[in-house]
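J.: Any chance you could fold what I've pasted below:
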Amino acid sequence: MKTIKEKFYERIDSQFGVFYLIAVLTLWMKTYLVQVTQFDLGVQGILQQFLLLLNPLGSALLLLGLAWLFKGRGRYTALMILYFLSSFLLFANVMYYRFFNDFITLPTLFQTQNFGDVSGSILTLIKPYDFLFFLDFVLFLVLLLTKRIKVEKGAVRRRAAVSFMGMGLAISGLNLVLAEADRPQLLTRGFDRNYIVKYLGMYNYTVYDAVQSTRASAQRVLADSNDITEVVNFTSSNHAMPNPEYFGKAEGMNVILIHLESIQEFLIDYELNGEEVTPFLNSLTEDKNMMYFDNFFHQTAQGKTSDAEFILSNSLYGLPQGSAFTMKGTNTYQAAPAILGQEGYTSAVFHPNTGSFWNRNEIYKSFGYDRFFDASSYEMDPEHLADYGLMDKPFFEQSIPNLESLPEPFYAKFISVTHHYPFSMDQDETTIEPHTTGDKSVDNYFQTARYADEALEQFFDYLKESGLYDNSMIIMYGDHYGISQNHDVAMEKVLEKEVTPFVSKAELQRVPFFIRVPGMEGGIRHTYGGQIDILPTILHLLGKESKDYIQFGTDLLSEEHDEVVPFRNGDFVSPTITAIDEKFYDSETGLPLEEERLNEAKRYHEAVQYKLELSDRVVNGDLLRFHTPDDFEPVDRSEYDYNLDLENQD
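T.: Below is the predicted model:
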């Protein structure tokens, strides 16, 4: 007569079934603990807590259940491979989240050309306990190799396989039903990956992301000329007429854009131990011809720096997943360099990193940049290198001869790299002590910010001495946050106040924005705006109307400017109402919005969602190929060869 143990083994296909169940339970608990301890998912209430516990179980049963499809030893090999891949996916997302406060998407996995450049930053993210992500896998491997787990060669029992896979499907189905009950239209509404992970778990999120990425890729194939009509109607009806007081104030002038890497607005006038951290930037806010916007927000997502460039150049939003620079490099664009190039401007980018980083050497052709001076145009002395290329002071100094080679008027953009995570530099180069929060990244942030500020001052000295200062419109903008929400505890010491979600996800997303036009009255502006508004503002200051172009931003100086600033995840800020994680706040007090104002907030939210959706249609469908303004000649990518810039220097 069979014992209970023997009957149990027989029912679950003997030893393999036991091994499978142990692996499922281990992966379930490990994933749950990681989701609770490593991610800030904003879980609230008993139902969301239950879903966070439940969602890894269904995924583990289904994912590891694929091993049942194999025979004999192959089942064990397949189970180990699947277990390792699951663990690696979990670990990779934790590493990515530590840096970006976001989750990996399929498009980001194809940005492999950036991996070598960011390796130094990755090393700073590793924690001593990270070996625990793979400890269970190693233990399973040892048990198999020492034959503590018996590897059976028999055929699989179909009943056992079907039972476990069916159980996985049932749990995942229940998970989805409960998630939809708590947040209706979970998979069709909004752009925030946090919600998908919170409700469905890391592994189901990965499947969802793959489906979304595939759909986005298919949009170009399926698009036709009719798809642009709704977009044209929207941008035309939302166009902000230029302000006559400022229209054409910079006509005929050079345009110099300076990309302030990782500079956040709180640095302006910030003092550390009685010292100004950015004394030069502070002084510019008092320049009689300099406008400074103190309610200006970055609108980047996973593309970070590349998103900022993309938004500024096109007045289109970056993608919700990955980077348009790497995924949509050969699209048709009507970008600032091309628009101004047809007005007689020479355009160039100066950046002391490899040209392939963020696929710049390809997408710049689509934008219509005449010249691109990358790392190959600079003397990359090892003593003067930061993690992402040449340090700022030698970068600006070495850029001057190439800047002087450009025919005027020119449109020139400078992208520096020293003030970039992990904010490390030789202490001999620093001129201010680090902060004392105990968070290394936050503490060092102030030292590299001071260095970047000093480099800017030196470059401005050159502009003044050369005469360019009096004949150029200068635009400076912060590209994205430098200190993510993972460092909110340290930021409380920096700001000397509580860092609530409103502070962290709204107030701290401000970045500096400067406009200087010789002869134009400056001053501090409190207008709300974002990077999406830069292009129409530039064009109007140069005397170029923007109404015939597909642009989602509005002129910051226009009386019709739209002060609702969308974030890429569907949140927004405005002078009166702010939306964070689908909660609404009073923008002045930071307190939850009163009941009687919720309808207004929801209207703003719907408008933001619609605007982001239309922009995504344009980018994913490459819709600008179906719309060409009367005075614009489409860019021919074959006309651009940036290798010639290097040859001309030799």
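
J.: Sketch out the low-pLDDT regions of the stretch 351-500 of the chain for me.
T.: Across the stretch 351-500 of the chain, nothing is flagged by pLDDT under 70.

J.: all strands for it, in order.
T.: 371-373, 385-386, 389-390, 410-415, 472-478 (DSSP state E, counting those that start in this stretch).

J.: So for Glu265, which of those strands sits nearest?
T.: Shortest distance between Glu265 and the strands of the stretch 351-500 of the chain, using C-beta to C-beta, is found for strand 472-478: 6.9 Å. Any C-beta I mention is one placed from the backbone N, CA and C, and that applies to glycine too.

J.: Partner strands of that closest one and their direction?
T.: Each strand paired with strand 472-478, and its direction, by DSSP bridges: strand 254-260 (parallel), strand 513-516 (antiparallel).

J.: Format those as TSV; extra columns: mean neighbour count and mean pLDDT.
T.: Formatted as TSV, those follow (neighbours: other C-beta atoms under 10 Å; pLDDT from 0 to 100):
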stretch	mean neighbour count	mean pLDDT
strand 254-260	22	97
strand 513-516	24	98
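
J.: would a markdown table of the strands of the stretch 351-500 of the chain with distance to Ser347 and mean neighbour count be doable?
T.: Shown next, in a markdown table, are the strands of the stretch 351-500 of the chain (distance: least, C-beta to C-beta, whole Å; neighbours: other C-beta atoms under 10 Å):
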| stretch | distance to Ser347 | mean neighbour count |
| --- | --- | --- |
| strand 371-373 | 7 | 23 |
| strand 385-386 | 26 | 20 |
| strand 389-390 | 21 | 25 |
| strand 410-415 | 4 | 24 |
| strand 472-478 | 14 | 23 |
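
J.: Throw these into JSON lines and include distance to Thr330, thanks.
T.: Formatted as JSON lines, the strands of the stretch 351-500 of the chain follow (distance: least, C-beta to C-beta, whole Å):
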{"stretch": "strand 371-373", "distance to Thr330": "16"}
{"stretch": "strand 385-386", "distance to Thr330": "30"}
{"stretch": "strand 389-390", "distance to Thr330": "25"}
{"stretch": "strand 410-415", "distance to Thr330": "21"}
{"stretch": "strand 472-478", "distance to Thr330": "26"}
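
J.: Check whether Asp102 really touches Arg193, as I assumed.
T.: Yes: using C-beta atoms under 8 Å, Asp102 is in contact with Arg193, at 6.5 Å.

J.: Where does the prediction get shaky in the chain?
T.: 1-14, 100, 107-123, 152-158, 188-192, 216, 644-650.

J.: any idea how far the closest residue in space to Asp370 that isn't next to it in sequence is from Gly389?
T.: The shortest distance from Asp370 to any non-neighbouring residue, by C-beta to C-beta, 6 or more residues apart in numbering, is to Ser347 (4.9 Å). Distance check for Ser347 against Gly389: by C-beta to C-beta, to the nearest Å, it reads 21 Å.

J.: can you check Tyr246 too?
T.: Distance, Tyr246 to Gly389, by C-beta to C-beta: 36 Å.

J.: Give me the domain ranges for this structure.
T.: The chain breaks down by automatic domain parsing into domains covering 4-219, 227-562.

J.: hey, which of those is tucked in deepest?
T.: By mean neighbour count, with neighbours taken as mean count of other C-beta atoms under 10 Å, domain 227-562 ranks first of these at a mean of 20.

J.: Packing partners of the helix or strand encompassing Val619?
T.: According to DSSP states H and E, Val619 maps onto helix 598-620. Helices and strands in packing contact with helix 598-620 are listed as helix 202-222, helix 228-237, strand 565-566, strand 572-573, strand 577-580, strand 583-586; criterion 3 or more C-beta pairs under 8 Å, 6 or more residues apart in numbering; DSSP states H and E.

J.: How about residues contacting that helix?
T.: With contact meaning C-beta atoms under 8 Å, 6 or more residues apart in numbering, helix 598-620 is reached by 189-191, 216-217, 219-220, 227-228, 230-231, 234, 316-317, 319-320, 324, 328, 331, 550, 552, 564, 566, 568, 570-572, 574, 577, 579, 582, 584, 593, 623-624.

J.: Can you give me the buried ones in that helix?
T.: For helix 598-620, the neighbour count (16 or more other C-beta atoms under 10 Å) marks 601, 604-605, 608-609, 611-612, 614-620 as buried.

J.: export those residues to TSV and tack on distance to Ala160?
T.: Shown next, in TSV, are the buried residues of helix 598-620 (distance: C-beta to C-beta, whole Å):
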residue	distance to Ala160
Ala601	52
Tyr604	54
His605	48
Val608	50
Gln609	46
Lys611	52
Leu612	47
Leu614	50
Ser615	50
Asp616	44
Arg617	47
Val618	51
Val619	47
Asn620	43
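
J.: Among those residues, which one lies nearest to Thr305?
T.: Distance to Thr305 across the buried residues of helix 598-620 (C-beta to C-beta) is lowest for Val619, with 17.5 Å.

J.: isn't Leu257 right next to Ala412, touching?
T.: Yes: if you go by C-beta under 8 Å, Leu257 and Ala412 touch, sitting 7.0 Å apart.
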